[in-house]
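>>> Please find the sequence and the predicted model below.
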Amino acid sequence: MFLSFAALVSLSLPLTVHAQEPGETVVFESALGNVPSPVKCFTAVSNVDGAAVVLGDCNSANAQWTLPKGANNAGILQIFGDKCLDVTNGDTTNGNKLQIWTCATGNTNQLFVPNNNGAGGVVQWSDTSKCLDATNGVLADGTPIQIWDCDSTNRNQEWFPKAESIPKSFTITPKSTTSLCIAASSATLNASVILSPCTSDSSSANFALQHWQDATAIGQMMIPTPTQQLCVAPMGSTAFSGTKLVLQVCDSQSPAQLWSHGTGNIVNALTEHDCLDLTDGNAVAGTQLQIWGCEFFAGVDDTNQDWIETDTF
């Protein structure tokens, strides 16, 4: 018996978690929150210079931080559009509290490194040995966030980023050949879904054909055209290993058009056990892609089914 598609995607998360990408918006959940305790995030109490940063409601706009540089890079944590996480007066003393302040280029009080790869980690003040810390480990609304000597074993300093934004577009490449991208051969009904040389030239026709969208985050791989939206699906919406992939008119109710797209294995919802597959392992431009039985169910790491997704926010 196969799992529901939602359950399958949930189970595949270890294959698809990723560090925050440039421009992504996240909330940072404190590791102190365990069932039955509520989850808390570090939040700004208001949208004014000098507003304190404290534990609070993760579902509030006050908890949503944008990372222009992504994870594992020194950069600002931006909120409310023009405010940034800020170390008050640049004081390095343990216990100094965090605030927000109008973002200013070159202000080192506003540069932080969220250290994680899709899992929990510290948020380190750049070029120092100080990290964000929930004061005294108190899990409650209003607990001030301070800086303290970094200690990766200290749960007061462990934060779990949770994505709050949907990518504007994404590209997908074979893990074995990252110079090639999944693309449509043309923006027309029944066009083949192929490999094509990746391009960063936004004026190129190929650029639009390899930048997919999933605006409602249901699992579609969609390309908009002037007259209709076209989505990736097995030809004829049939589920047989070896069925080639084409563009069809998007239908959010069609499981054949829903994919667990991300980094790792990409499962199709029609059968829930067929994966997007590099036909015959032929990693050359023009190869039409197919579906094939997912090898990971048998514990096999099949490079023909191993993909890397790169999101643009």
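Alright, I've got the coordinates.
>>> can you map out the strands along the stretch 151-300 of the chain?
159-163, 169-174, 180-184, 193-197, 222-224, 229-234, 245-249, 267-268, 274-277, 290-293 (DSSP state E, counting those that start in this stretch).
>>> Can you add distance to residue 204 and mean neighbour count and give these back as TSV?
No exception for glycine: its C-beta is placed from N, CA and C like everyone else's. Formatted as TSV, the strands of the stretch 151-300 of the chain follow (distance: least, CB to CB, whole Å; neighbours: other CB atoms under 10 Å):
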stretch	distance to residue 204	mean neighbour count
strand 159-163	29	20
strand 169-174	13	21
strand 180-184	11	25
strand 193-197	10	20
strand 222-224	14	19
strand 229-234	19	24
strand 245-249	19	21
strand 267-268	29	28
strand 274-277	24	24
strand 290-293	26	22
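>>> The ones you listed: lowest mean pLDDT?
In terms of mean pLDDT, the lowest-scoring of these is strand 159-163 (a mean of 86).
>>> what residues does that one touch?
For strand 159-163, contacts defined as CB atoms under 8 Å, 6 or more residues apart in numbering pick out 20, 24-31, 42, 58, 71, 114, 116, 118-123, 132.
>>> Please identify the helix or strand for the most far-flung residue of the chain relative to its centre.
For the chain, the largest distance from the centre (CA atoms, centre = their mean) belongs to residue 93, which lies 34.1 Å off. Under the assignment given by DSSP states H and E, residue 93 is not contained in any helix or strand.
>>> now swap in residue 28 and tell me
strand 24-30.
>>> Pull the residues that contact that strand.
20, 39-42, 55, 58, 63-67, 70, 114, 123, 134, 139, 158-165, 311, 313.
>>> one step back: and the residue farthest from the centre of the chain, how close does it get to residue 196?
According to CB to CB, to the nearest Å, residue 93 and residue 196 sit 55 Å apart.
>>> now residue 271
27 Å.
>>> again, but for residue 244
15 Å.
>>> Same question for residue 125.
Using CB to CB, residue 125 is found at 43 Å from residue 196.
>>> again, but for residue 131
For residue 131, the distance to residue 196 - CB to CB - is 43 Å.
>>> go on, residue 58?
On the measure of CB to CB, residue 58 and residue 196 end up 40 Å apart.
>>> Check residue 136 too.
On the measure of CB to CB, residue 136 and residue 196 end up 55 Å apart.
>>> next one: residue 247
Residue 247 sits at a distance of 14 Å from residue 196 (criterion: CB to CB).
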